[in-house]
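Asks: sequence below, structure please.
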Amino acid sequence: MNIYVNEINGIADAIVSMHMSKRSWTREKELEIRSVCEQVLSRTGKIREDADEEALSRYEAWLENLFKWGWRHITMLRFIDISVTVEGLHRAGQDDWDSHAARFNNRIIRSSTRLAEFGYEMSEWYQDQIIPTDTALALLGMDMPKVLERDGRRFVRTINGYILEDKKDSPDVKRGLYMLSIPSNFIFRVNLTEWAHVYQERNSQGTANPEVKLCCEGIADQIARFQPRMNRELFLKIKN
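Replies: Down below sits the predicted model:
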C-alpha cells in the first residue's frame with residue numbers, strides 16, 4: 001500500500017478567519033497573512049526549506065494561535081483542506097474508509113469493481129496471510145473443470161469460480177466473485193476538523209482493521225511532513 005498526501009491548502013484562509021470574531025481583521029492584515037504564507041509555503045502547502053526566517057517565524061506564531069483556539073472553535077480548521085491518494089488498500093478496508101464519506105463531503109472516488117477488472121490480486125497486507133482456493137488448487141496440482149452444468153445451464157470457469165456462460169463478460173456478474181482482499185485505489189479530500197474525527201476512529205490504538213490502521217497512520221505521517229504542527233496530538237485534541 002502506498003499513501004500520498006498531495007497537497008494541503010486553505011491555511012491562509014484559516015489564519016485570516018482567526019482575526020474575524022474579535023474584529024482584529026483588516027484588509028491590510030489579510031494581505032500580510034497571504035503574503036507571508038506565499039513566502040513560506042510551496043504550491044502544495046509544504047513549508048519551504050529555503051523559507052525566509054522572519055516570515056517563517058511569523059507564520060509559525062499565527063499557526064500556533066490558530067491551533068490554540070481552533071481545536072475548540074473547529075469551524076476555523078474546516079478552512080484547511082487535505083488531498084490524499086491511497087494505492088492498494090484492500091476492498092473491505094475501502095468499505096470502512098467509505099463509511100466516512102460524509103466527513104469528506106462525499107469527495108472520494110475509488111476503483112470501481114464494475115468499470116475495472118481484477119484478476120488474482122490482493123492487497124500487500126493479505127499476500128502472506130491467505131491462499132485463495134484457486135491458488136491452493138494450483139499448488140496441489142489439481143485441475144478444475146472449465147465448464148460446469150447445473151439444471152441444464154452451462155457455467156464457465158473464471159476468476160474465483162464459475163459464471164453462467166452467456167454472462168461471462170458481464171462486469172456486473174464478474175464482480176460477484178471478487179474477493180474483499182483485492183487492492184483498491186482511491187482519492188479523497190477532507191478538511192482538518194473532519195480528518196481529526198477519522199484519525200480518532202481509525203488510528204493504531206483503535207479497533208479498526210489492521211490495514212485500515214496502517215492507512216490512517218500513514219496519512220498522519222505524511223501530513224506532519226507537510227506541516228509539523230499538524231500532528232497526532234492535534235488530531236486527537238480537535239473536537240468534532
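Asks: residue 184: which element?
Replies: Under the assignment given by DSSP states H and E, the secondary-structure element containing residue 184 is strand 183-191.
Asks: could you find the closest non-adjacent residue to residue 153?
Replies: Residue nearest to residue 153 in three dimensions, not counting chain neighbours: residue 164, with 6.2 Å by CB to CB, 6 or more residues apart in numbering. For glycine as for every other residue, the C-beta is placed from the backbone atoms N, C-alpha and C.
Asks: any idea how far residue 11 is from the one you found?
Replies: The gap separating residue 164 from residue 11 is 55 Å, by CB to CB, to the nearest Å.
Asks: with residue 20 instead?
Replies: As for residue 20, its distance to residue 11 is 16 Å (criterion: CB to CB).
Asks: these two: who's more crowded?
Replies: More neighbours sit around residue 11 than around the other of residue 20 and residue 11, counting by other CB atoms under 10 Å; the figures are 24 against 11.
Asks: where exactly do the helices run in this structure?
Replies: With helices called from DSSP state H, the chain shows them at 11-18, 27-40, 53-70, 91-98, 133-139, 171-174, 192-202, 210-226, 232-237.
Asks: show me what counts as buried in the fourth one.
Replies: With burial defined by 16 or more other CB atoms under 10 Å, the residues of helix 91-98 counted as buried are 91, 92, 93, 94, 96, 97.
Asks: contacts only, for the last one.
Replies: Which is residue 97. Contacts here follow CB atoms under 8 Å, 6 or more residues apart in numbering; on that basis residue 97 touches 86, 89, 108, 186, 188, 202, 212, 215.
Asks: same thing with the third one?
Replies: Applying CB under 8 Å, 6+ apart to residue 93 gives the contacts 123, 184, 209, 211, 212, 215.
Asks: ok, back up a step: please name the bridge partners of the residue nearest to residue 153.
Replies: As for beta bridges, residue 164 partners with residue 155 under DSSP bridges.
Asks: neighbours of it, just the number please.
Replies: Residue 164 sits with 13 neighbouring residues when counted by other CB under 10 Å.
Asks: can you give me how far the worst-scoring helix or strand of the chain on mean pLDDT is from the chain middle?
Replies: Every helix and strand of the chain was ranked by mean pLDDT, DSSP states H and E. The lowest is helix 133-139, at a mean of 91. Relative to the chain's own centre, helix 133-139 is displaced by 33 Å; criterion: CA atoms, centre = their mean, to the nearest Å.
Asks: list the helices and strands that helix packs on?
Replies: Applying 3 or more CB pairs under 8 Å, 6 or more residues apart in numbering; DSSP states H and E, one finds that helix 133-139 makes contact with no other helix or strand.
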